[in-house]
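**Student:** What follows is a predicted structure for the sequence shown.
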Amino acid sequence: MSLEQEIKQTKPFKNNHEKTMVNIIFTNNWLNFKQNKFLKEFDISSQQYNVLRILNGQKGKAITINEIIERMLDKMSNASRLVDKLFAKGYVSRDQKIGNRRACDVKITPKGSAFLEQVNAGMIPLDNVMGDLTESEFDELNRLLDKLRG
């Protein structure tokens with residue numbers, strides 16, 4: 001379905017620049033909705049999922065909250081709060097420095113790794129939302145998005 005049909009636009013866009021901006025925002029929100037709907041089944045937010053993926057990529061090494069923030073997809077997230085929630089679920093461990101919540105080393109736990117594996121295994125159907133793009137089209141789309149961001 002075209003963007004115009006999806007958003008029920010009756011007047012044409014002023015130009016391709018405007019249409020592309022709206023299309024990127026709409027597609028981002030659409031993908032976030034799909035991912036959040038899926039992750040809700042696991043009682044986890046997309047931001048918490050992002051933190052677990054970052055920590056899992058550390059291969060057992062601890063990192064600080066500030067390092068997590070630097071790597072997060074959503075820079076507006078409160079990483080300290082996210083880590084607190086993941087800690088309460090037993091998915092991460094933290095070595096807290098006295099008096100400063102951000103000055104702690106955070107690491108994914110075996111329980112967190114197993115949980116992440118379970119979530120990732122369930123994500124296969126979510127991959128289908130990406131449509132029928134070929135590998136070369138995915139390559140081109142990624143190249144264009146990288147170019148857009150400069």
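**Tutor:** Perfect, I can see it now.

**Student:** make it CA atoms for all contacts and neighbour counts henceforth
**Tutor:** Noted.

**Student:** what about residue 41, neighbour count?
**Tutor:** Residues within reach of residue 41, counting by other CA atoms under 10 Å, total 10.

**Student:** any idea how far it is from residue 109?
**Tutor:** According to CA to CA, to the nearest Å, residue 41 and residue 109 sit 21 Å apart.

**Student:** do the same with residue 35
**Tutor:** For residue 35, the distance to residue 109 (CA to CA) stands at 23 Å.

**Student:** Could you do residue 121 as well?
**Tutor:** As judged by CA to CA, residue 121 and residue 109 stand 18 Å apart.

**Student:** ok, those two, which is more surrounded?
**Tutor:** Using other CA under 10 Å as the criterion, residue 121 and residue 109 rank with residue 109 on top: 19 against 10.

**Student:** Wait, that one touches residue 94, no?
**Tutor:** No - the pair residue 109 / residue 94 is not scored as a contact, 9.7 Å apart, by CA atoms under 8 Å.

**Student:** Could you chop this structure up by domain?
**Tutor:** 13-42, 44-124 (automatic domain parsing).

**Student:** Helix or strand next in line after the lowest-mean-pLDDT helix or strand in the chain, which one?
**Tutor:** In the chain, no helix or strand scores lower on mean pLDDT, DSSP states H and E than helix 124-127, which sits at a mean of 66. Toward the C-terminus, helix 124-127 is succeeded by helix 135-149 as the next helix or strand (DSSP states H and E).

**Student:** How far off centre is that following helix?
**Tutor:** 18 Å (CA atoms, centre = their mean, to the nearest Å).

**Student:** quick one: low-confidence ranges for this structure?
**Tutor:** Across the chain, the ranges flagged by pLDDT under 70 are 98-102, 125-127.
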